[in-house]
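S.K.: Quick one: sequence plus predicted model below, questions after.
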Amino acid sequence: MAESSIPGAGVGIFTSLDIKEGDLIGEAEILIPIMGWIDGHDDWLVHDVQWDTSLDGRLNYDSKDAPSIFYPGFGAQINCHMGLNNVWHKLPKYDSINLHRRSDPGVGAFTPWHDIPNVAKRRIQAGEELFVNYGEHWFKRREKLLGPIPFSEDYESADATMEDCMQSYQHATWKHLSDEVRNESWINVVADIKHEKIRMALPKSYEDLKEAHGVGSARYSLYGKNSLRTQEWFDENAFCMDNLYMQASKIPQAGRGVFVKHFIATGSIISPFPVLQLNKDLFVIHDTNNGSTSNYQLLTNYAFAHPDSNVVLLPYNALVNGINHDGVNPNAEIRWSESNLNRKDYLGMNGEGVLKQGFGLLMELVALRDLQPDEEVLISYGDEWEEAWTKHVTSWKATQDSDEYVSAVEMMHRNDGIVLTESEQQHHPYPSNMATVCNFWHREDTEYYVNVEERDENGEEITIYRTVWTERNNDCMRYCKVLSRSEQLKRPYYNVELIYQEKNLHEDCLHPPHERVYVDMIPQHAVTLTDRIFTGDIHLINAFRHFIGLPSHLLPEGWKHVEKENNVS
């Protein structure tokens, strides 16, 4: 981790090793659904850090409206450059690590979404910054703030323009002309391009053109080869991010924990972690669906707070969010970083002022004693947290019908990945907490071979569409009915009817209520079960919620006593 090669982008993540296309990068990480953000709240976390449910279509159904996703580590800390994106993500896993709501008070206190892999989408050179695609929409929404940003096709067009001109300048008619003439020619070429973002991606002089042509317009936008860091630069300016991994915790009821990969000496930095400074009120869920969910965000359990302040610190570094509690013998602690990457001026502000600032705060996780390879990292959450957890465990009772609960993931495992048809469900119905979903995204080139107007049971006109699924349709996870299942080459395929829905889908995925859509030959990987809205473990009314205690000596004096309403301490 070091200062990003994108000016003004804060910190970024770099690789000091060559990475092959398709290789996994770093450690798989967790996803934390965010429900019920205050409408219209202008807090920058909501706009700049959260992901949408494209990470996994099942996430659409974690609340009555598609939730936002907090993806710490690679999801929150990696920047985006639309011409240099080199990382993408595969699907996460989902489970509660063998804890069950019938017997375990820890159920619902940690996210079940985990092990989302980060994958190299192309060869990545040692020294490159890692970039992930935020999507064009992310930049379009911020164009008033950031100005126009070139996209990948703009850099491709710029590269083609540079190549054409450089070839022309090598022609016999140009070889005898001076660089001044070529410079004037190039300036005219750029001026004649009507597309603003392509002009932005092009170098402004012939001298710059010669460098940009060698590295590409996208790399040139980051000062060319200077954006590739050396090992010496890393030694002086970067933090190592490869000390930790996540697996099942050894602490009862804790879910997952974080472990060290190798020996860490006393006093050494285990990992730096930037934090987002947020208002406590953001962690209150204002629409609790008549009490069927917890009143506080699951995110509460991953954030540091102090009872005397309304400022909450949310880590967004890889894996640090998974560190568990030991109030008797912790082997690590947190502290403010002395690095130049930490905006120490924020620590001198009052609470209201720091909540208006952007990224910049940096903390460190430090070893209190020697840590051996594969030892779990544990910090003290504070006495107040421990008292709250003890009270929760002592008073905890299973919710009604917990004995019979089966998650959608577990049901799919029991059935070897097979989804039952509507007729099969007449004899073997699924539990009420799960529903059948399938991926189908209508595209302009989708061919429908039946288009018949009929009337429904109310006499209303409907139009029937039928199509054969292709991989291009593999998006927009939605409710569906499985009408039949067949097998080809020992692989199941499904014929389905899409179910009309108004929510939990992107607007591009919706179809009108007067249309009935049938899709044939959907492969197994695009049909599954999902937990119905508000039925997953994280929505249990008895799920534990409490901020991690921020030690008093780490709370800046000016942050104290800022709007102590809605305080969860």
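M.R.: Thanks, I have it.
S.K.: what about the nearest residue to residue 382 once chain neighbours are set aside, distance to residue 60?
M.R.: The shortest distance from residue 382 to any non-neighbouring residue, by CB to CB, 6 or more residues apart in numbering, is to residue 549 (2.5 Å). Glycine gets a C-beta too; all of them are placed from N, C-alpha and C. Plainly put, residue 549 is 34 Å away from residue 60 if you go by CB to CB, to the nearest Å.
S.K.: who has more neighbours, these two?
M.R.: Set residue 549 next to residue 60 and count neighbours by other CB atoms under 10 Å: residue 60 wins out with 25 against 22.
S.K.: The more buried one: what secondary structure?
M.R.: Secondary structure state of residue 60, per DSSP: H, G, I helix; E, B strand; the rest coil, is helix.
S.K.: wouldn't it be in contact with residue 504 here?
M.R.: Yes: using CB atoms under 8 Å, residue 60 is in contact with residue 504, at 4.6 Å.
S.K.: Helices along the stretch 1-150 of the chain, start to end?
M.R.: 44-48, 74-77, 136-141, 143-146 (DSSP state H, counting those that start in this stretch).
S.K.: Just tell me which of those helices ends up closest to residue 11.
M.R.: Nearest to residue 11 among the helices of the stretch 1-150 of the chain is helix 74-77; the distance by CB to CB comes to 6.8 Å.
S.K.: what packs against the closest one?
M.R.: Using 3 or more CB pairs under 8 Å, 6 or more residues apart in numbering; DSSP states H and E, the elements in contact with helix 74-77 are strand 87-89.
S.K.: Go again with 10 Å.
M.R.: strand 87-89, strand 269-279 (3 or more CB pairs under 10 Å, 6 or more residues apart in numbering; DSSP states H and E).
S.K.: Out of these, the one nearest residue 423 is which?
M.R.: Closest to residue 423 of the helices and strands packed on helix 74-77 is strand 87-89 (CB to CB; 36.9 Å).
S.K.: quick check: mean pLDDT across the closest one?
M.R.: Throughout strand 87-89, pLDDT has a mean value of 93.
S.K.: for stretch 99-114, same thing?
M.R.: pLDDT averaged over stretch 99-114 gives 96.
S.K.: ditto for stretch 187-207
M.R.: Stretch 187-207 comes out at a mean pLDDT of 94.
S.K.: do the same with stretch 62-69
M.R.: Rounded mean pLDDT across stretch 62-69 is 75.
S.K.: Straight-line length of that stretch, end to end?
M.R.: 10 Å (CA to CA, to the nearest Å).
S.K.: Pull the distance from that stretch to the chain's centre.
M.R.: 13 Å (CA atoms, centre = their mean, to the nearest Å).
S.K.: swap in stretch 409-419?
M.R.: The answer for stretch 409-419 is 26 Å, by CA atoms, centre = their mean.
S.K.: now the end-to-end length of stretch 82-99.
M.R.: First-to-last residue span, stretch 82-99, CA to CA: 41 Å.
S.K.: sorry, that was for stretch 53-63
M.R.: Start-to-end span of stretch 53-63 (CA to CA) is 11 Å.
S.K.: Repeat that for stretch 100-120.
M.R.: Terminal residues of stretch 100-120 lie 36 Å apart, using CA to CA.
S.K.: same check, this time on stretch 474-493
M.R.: OK, stretch 474-493 end separation, CA to CA: 14 Å.
S.K.: Would you mark the buried spots in that stretch?
M.R.: Across stretch 474-493, burial judged by 16 or more other CB atoms under 10 Å covers 474, 475, 476, 477, 478, 479, 480, 481, 482, 485, 492, 493.
S.K.: how close does the closest residue in space to residue 500 that isn't next to it in sequence sit to residue 502?
M.R.: Leaving out its chain neighbours, the residue that sits closest to residue 500 by CB to CB, 6+ apart is residue 513, at 5.2 Å. According to CB to CB, residue 513 and residue 502 sit 8 Å apart.
S.K.: of the two, who's got more company?
M.R.: Neighbour count, other CB under 10 Å: between residue 513 and residue 502, residue 513 has more, with 12 against 7.
S.K.: can I assume that one is in contact with residue 458?
M.R.: No: Residue 513 is not in contact with residue 458 according to CB atoms under 10 Å; the separation is 11.4 Å.
S.K.: helix or strand for residue 312, which one?
M.R.: Per DSSP states H and E, residue 312 falls inside strand 311-315.
S.K.: which other helices and strands contact the following helix or strand past that strand?
M.R.: Under the assignment DSSP H and E, the closest C-terminal helix or strand after strand 311-315 is strand 324-325. If contacts are counted by 3+ CB pairs under 10 Å, 6+ apart, strand 324-325 sits against strand 256-260, strand 378-379, helix 383-395.
S.K.: want to throw the ones you listed into CSV with mean neighbour count, distance to residue 545 and mean pLDDT?
M.R.: Below are the helices and strands packed on strand 324-325 laid out as CSV (neighbours: other CB atoms under 10 Å; distance: least, CB to CB, whole Å; pLDDT from 0 to 100):
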stretch, mean neighbour count, distance to residue 545, mean pLDDT
strand 256-260, 21, 17, 97
strand 378-379, 22, 19, 98
helix 383-395, 14, 9, 97
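S.K.: now the ones you listed as a markdown table including distance to residue 233?
M.R.: Shown next, in a markdown table, are the helices and strands packed on strand 324-325 (distance: least, CB to CB, whole Å):
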| stretch | distance to residue 233 |
| --- | --- |
| strand 256-260 | 26 |
| strand 378-379 | 31 |
| helix 383-395 | 40 |
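S.K.: so which of those gets nearest residue 165?
M.R.: Short answer: strand 256-260, nearest of the helices and strands packed on strand 324-325 by CB to CB, at 52.3 Å.
S.K.: Centre of the chain to the closest one, how far?
M.R.: On CA atoms, centre = their mean, the centre of strand 256-260 falls 20 Å from the chain's centre.
S.K.: Could you tell me the angle between that strand and strand 269-279?
M.R.: 140 degrees (axes from the mean of the first three to the mean of the last three CA atoms, to 10 degrees).
S.K.: Quick check: which helices or strands does strand 256-260 pack against?
M.R.: strand 244-248, strand 269-279, strand 324-325.
S.K.: what sits up against that strand?
M.R.: Residues outside strand 256-260 that contact it (CB atoms under 10 Å, 6 or more residues apart in numbering): 27, 30, 97, 110-112, 114-115, 243-251, 270-271, 318-324, 331-332, 365, 367, 371-378.
S.K.: re earlier: out of the helices and strands packed on strand 256-260, deepest packed?
M.R.: Ranked by mean neighbour count, those are led by strand 269-279 with a mean of 22 (mean count of other CB atoms under 10 Å).
S.K.: so what strands line up beside that strand?
M.R.: Using DSSP bridges, the strands paired with strand 269-279 are strand 311-315 (antiparallel), strand 361-367 (antiparallel).
S.K.: Check those strands for me and report the most buried one.
M.R.: Most buried among the strands paired with strand 269-279, counting by mean count of other CB under 10 Å: strand 311-315, with a mean of 25.
S.K.: In contact with residue 322: list those residues for me.
M.R.: Residue 322 touches 29-30, 72, 110-111, 114, 244-247, 249, 254-259, 302, 315, 376-377, counting by CB under 10 Å, 6+ apart.
S.K.: And the closest residue in space to it that isn't next to it in sequence, how far from residue 523?
M.R.: Leaving out its chain neighbours, the residue that sits closest to residue 322 by CB to CB, 6+ apart is residue 258, at 4.5 Å. Counting by CB to CB, the gap from residue 258 to residue 523 is 36 Å.
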